[in-house]
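Chemist: Curious how this folds, go ahead:
(one chain, ligands or ions: 1)
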Amino acid sequence: MTLAKKSSKSASKKTSKKLSKIASKKIVNEASSAVREPVMLQSVRGMRDILPGEQSYWQQARNVLKHEAEEYGFGRVDVPIIEFENLYRQPIGEQTEMVEREFYSFKTRGRDNVVLRPDFTPAVARTYLQHSMNMLTQPIKLFSMGTSYRYDRPAEGRYREFHQANYDIFGENDPVLDAQVIQIAYRVLQKLGIKNVQFQVNSIGTRESREQYSDLLKSYFLSKKNKLPSKYRDIIETDPLRIFDATDDKTVQVCAGAPQAIDHLDKESREHFKNLLEYLDELDLPYMINPMLNRGMEYYTRTVFEIFATDEKGLRHALGGGGRYDDLIESFGGEPTPAIGFAFGIDRLVLEMKRLKTKSYKPPRPRVYLAQLGDLAKKKSLRIFADVENAGILVAESFGRGNLKEQMEQAVKMGVEVTLIVGQKEALDSTVIVKNMHTGTQETIAREKVIDAVKSAMKQTIVVKKKPKPRKSKK
Ligand code: AMP
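Modeler: Residues are numbered from 1 along each chain as shown. Next up is the predicted model:
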């Protein structure tokens with residue numbers, strides 16, 4: 001027995017051992033399945049699948065979001081989905097609706113209190129400190145993208161698992177950076193073809209001026225208590241700013257007469273905001289000041305902004321938002337470090353793109369199609385496929401079922417330039433048929449010369465494509 005035969009025999013022994021292990025597992029599973037609950041063939045409420053038909057929009061959105069981050073010098077960070085709960089609890093605000101009702105928090109087997117991130121900012125701030133980025137030349141610009149989780153009431157555009165793209169800048173107080181992040185948001189929307197947007201900006205001052213303002217608001221809302229629905233009466237003492245999010249007429253009317261943060265800013269915050277508005281004017285960015293905008297989470301200071309799109313029914317959808325969080329790093333035990341950031345909701349961007357029928361991502365078209373017939377040919381084709389790909393040529397295949405006729409039809413439909421055909425005979429001879437799809441000519445080539453043959457067939461195609469049309473001669 002040759003060495004090769006011996007080793008192939010022992011390999012097949014191993015394979016059959018593995019298979020019998022899997023089979024016995026199956027039996028055990030089948031035996032125990034009697035006590036198992038039936039599998040729910042439905043995703044969990046508020047969670048959803050993003051299917052292939054929708055992916056071209058997602059790809060387009062993600063590409064633009066990533067591209068802008070690179071253009072503006074942001075470094076990518078990927079942070080875990082799970083963080084310690086106290087990283088979020090205090091910065092967002094113990095008594096806010098998000099902490100009280102929307103957290104996906106639980107205890108691990110190791111008894112750690114953790115949370116599925118409801119947004120990125122505190123996690124990215126932790127990364128900044130944990131990896132001593134404060135020691136590097138500031139500002140530090142970080143880009144992150146992934147899923148966030150909030151136990152909210154699901155609706156169109158509002159999910160319990162949703163996707164965000166997040167831009168954060170640490171270590172710089174200059175309002176020019178506030179203007180820059182707003183500019184990035186604007187550019188992303190322009191590139192995605194989302195035009196009907198409105199930027200709303202406001203300043204909520206420093207933590208101290210915000211606390212003073214919050215006291216003012218409490219007294220105001222207490223004086224109007226009987227005009228407010230009970231759900232807002234209950235949060236006057238704990239979260240008065242949230243009353244501004246109301247949409248019912250009665251509350252909106254009460255809010256209209258409320259003191260405005262902008263009139264109660266400390267001197268520096270006022271100056272900061274004034275400069276920001278000048279930069280926005282300079283950049284010609286369209287915005288409006290919304291004196292009631294506060295963004296809910298307590299970690300915000302000074303600049304806050306939000307981006308809205310309006311649909312044909314006149315309904316507004318928040319596409320993204322952000323602001324300064326100059327105290328967050330210090331509250332985590334770091335040196336005082338000013339910071340600004342914002343997040344886009346990618347689900348919302350995609351909804352807008354679909355609604356506006358904007359251009360979606362077009363994947364690059366394969367130039368070569370690999371067709372095969374028979375088991376041996378399929379086996380050999382795997383290698384040929386890898387070789388063509390490694391040569392940097394985009395290649396399509398159909399290793400699933402399908403006869404040669406169907407595969408050739410698919411190649412024509414895809415508009416490839418070259419089709420490689422491996423039948424029984426070619427598989428045995430170690431050859432491949434190379435068919436030029438434009439000229440219709442084909443030749444049989446030795447397996448190791450395939451890449452050269454493909455390249456030269458593609459060159460011929462270019463010549464054929466570029467050949468000028470003959471002019472009609474006038475008679
Ligand atoms: P926020 O910081 O809460 O304003 O979130 C930033 C952006 O994320 C929002 O403007 C939305 O576009 C998006 N977003 C927030 N919550 C959800 C949700 N439950 N489902 C889908 N997108 C969301």
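Chemist: For the host helix or strand of residue 352, what does the pLDDT average out to?
Modeler: Using DSSP states H and E, residue 352 sits in helix 346-355. Averaged over helix 346-355, pLDDT sits at 96.
Chemist: buried stuff in it?
Modeler: Residues of helix 346-355 classed as buried: 346, 347, 348, 349, 350, 351, 352, 353 (neighbour count, 16 or more other C-beta atoms under 10 Å). All C-beta atoms are positioned from the backbone trio N, CA, C, and that covers glycine.
Chemist: Can you name the residue of the stretch 101-250 of the chain nearest the ligand?
Modeler: residue 162 (3.4 Å; C-beta to the nearest ligand atom).
Chemist: wouldn't that residue be in contact with residue 146 here?
Modeler: No - the criterion here is C-beta atoms under 8 Å, and residue 162 misses it with residue 146 at 10.3 Å.
Chemist: How about the closest residue to the ligand within the stretch 351-475 of the chain: what's its closest non-neighbour residue?
Modeler: Here the stretch 351-475 of the chain gets closest to the ligand at one residue, residue 351, 9.1 Å apart by C-beta to the nearest ligand atom. Beyond its immediate neighbours in the sequence, the residue positioned closest to residue 351 (C-beta to C-beta, 6 or more residues apart in numbering) is residue 157, lying 5.5 Å away.
Chemist: Contact partners for the one you found?
Modeler: Each residue near residue 157 by C-beta atoms under 8 Å, 6 or more residues apart in numbering is listed here: 317, 345, 347, 348, 351.
Chemist: The third one: what's it in contact with?
Modeler: Contacts for residue 347 were tallied using C-beta under 8 Å, 6+ apart; they are 157, 159, 162, 163.
Chemist: so can I have TSV of those showing pLDDT and distance to residue 229?
Modeler: Formatted as TSV, these follow (pLDDT from 0 to 100; distance: C-beta to C-beta, whole Å):
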residue	pLDDT	distance to residue 229
157	93	24
159	97	27
162	98	28
163	98	33
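Chemist: which ones among these are found in strands?
Modeler: Judged by DSSP state E, the subset of the contacts of residue 347 located in strands is 162, 163.
Chemist: that older thread, pick the one among the buried residues of helix 346-355 closest to residue 132.
Modeler: residue 346 (30.2 Å; C-beta to C-beta).
Chemist: Burial check on the closest residue to residue 374 other than its chain neighbours, number of neighbours?
Modeler: In this structure, residue 374 finds its nearest non-sequential neighbour in residue 424, 4.7 Å apart by C-beta to C-beta, 6+ apart. If you count neighbours by other C-beta atoms under 10 Å, residue 424 ends up with 13.
Chemist: just residue 48 next, same as before
Modeler: Around residue 48 there are 14 other residues, counting by other C-beta under 10 Å.
Chemist: go on, the one 5 residues further on?
Modeler: By the criterion of other C-beta under 10 Å, residue 53 has 7 neighbours.
Chemist: Okay, the nearest residue to residue 245 once chain neighbours are set aside and residue 306: tell me how far apart.
Modeler: What sits nearest to residue 245 in space, not counting adjacent residues and going by C-beta to C-beta, 6+ apart, is residue 296, at 7.3 Å. Residue 296 sits 10 Å away from residue 306, going by C-beta to C-beta, to the nearest Å.
Chemist: and the stretch 151-300 of the chain, which residues reach the ligand?
Modeler: 152, 157, 158, 159, 162, 164 (C-beta under 6 Å from any ligand atom).
Chemist: show me the contacts for the residue of the chain found nearest the ligand.
Modeler: Going by C-beta to the nearest ligand atom, the ligand is nearest to residue 345 of the chain, at 2.2 Å. Counting by C-beta under 8 Å, 6+ apart, residue 345 makes contact with 157, 162, 163, 164, 318, 319, 320.
Chemist: would you say residue 341 is within a strand?
Modeler: Yes - Residue 341 forms part of a strand when assessed by DSSP: H, G, I helix; E, B strand; the rest coil.
Chemist: For PyMOL, write a command that selects the buried ones of the contacts of residue 345.
Modeler: Buried subset of those, written as a PyMOL selection, criterion 16+ other C-beta under 10 Å:
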select buried, resi 157+162+163+164+319+320
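Chemist: So which residues of the stretch 201-350 of the chain form strands?
Modeler: 288-289, 301-310, 316-324, 339-345 (DSSP state E, counting those that start in this stretch).
Chemist: As CSV, those strands with distance to residue 415 would be great.
Modeler: CSV is the format used below for these (distance: least, C-beta to C-beta, whole Å):
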stretch, distance to residue 415
strand 288-289, 48
strand 301-310, 36
strand 316-324, 36
strand 339-345, 35
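Chemist: quick one on the thing from earlier: for residue 296 and residue 306, indicate the residue with more neighbours.
Modeler: Neighbours were counted for residue 296 and for residue 306 using other C-beta under 10 Å; residue 306 has more, 22 against 18.
Chemist: Count the residues that sit near the spatially closest residue to the more buried one that is not a sequence neighbour.
Modeler: Leaving aside its sequence neighbours, residue 306 sits nearest to residue 321 (C-beta to C-beta, 6+ apart; 3.8 Å). Neighbour count for residue 321, taken as other C-beta under 10 Å: 22.
Chemist: Likewise for residue 368?
Modeler: The burial count for residue 368: 27, using other C-beta under 10 Å.
Chemist: per-residue pLDDT, it?
Modeler: In this model, residue 368 is scored at 96, pLDDT.
Chemist: For residue 418, see how far away residue 303 is.
Modeler: Using C-beta to C-beta, we find residue 303 at a distance of 56 Å from residue 418.
Chemist: ok, now residue 83?
Modeler: 51 Å.
Chemist: same check, this time on residue 279
Modeler: With C-beta to C-beta as the criterion, residue 279 and residue 418 are 54 Å apart.
Chemist: between those two, which one's more packed in?
Modeler: A direct count of neighbours by other C-beta under 10 Å for residue 279 and residue 418 places residue 418 higher, at 28 against 18.
Chemist: Could you pull up the residues touching the more buried one?
Modeler: By C-beta under 8 Å, 6+ apart, the residues touching residue 418 are 367, 368, 369, 434, 435, 436, 437, 454, 457, 458, 461.
Chemist: circling back to that earlier point, would you confirm that the residue nearest to residue 245 contacts residue 242?
Modeler: Yes - Residue 296 lies in contact with residue 242 (C-beta under 8 Å); the separation is 6.3 Å.
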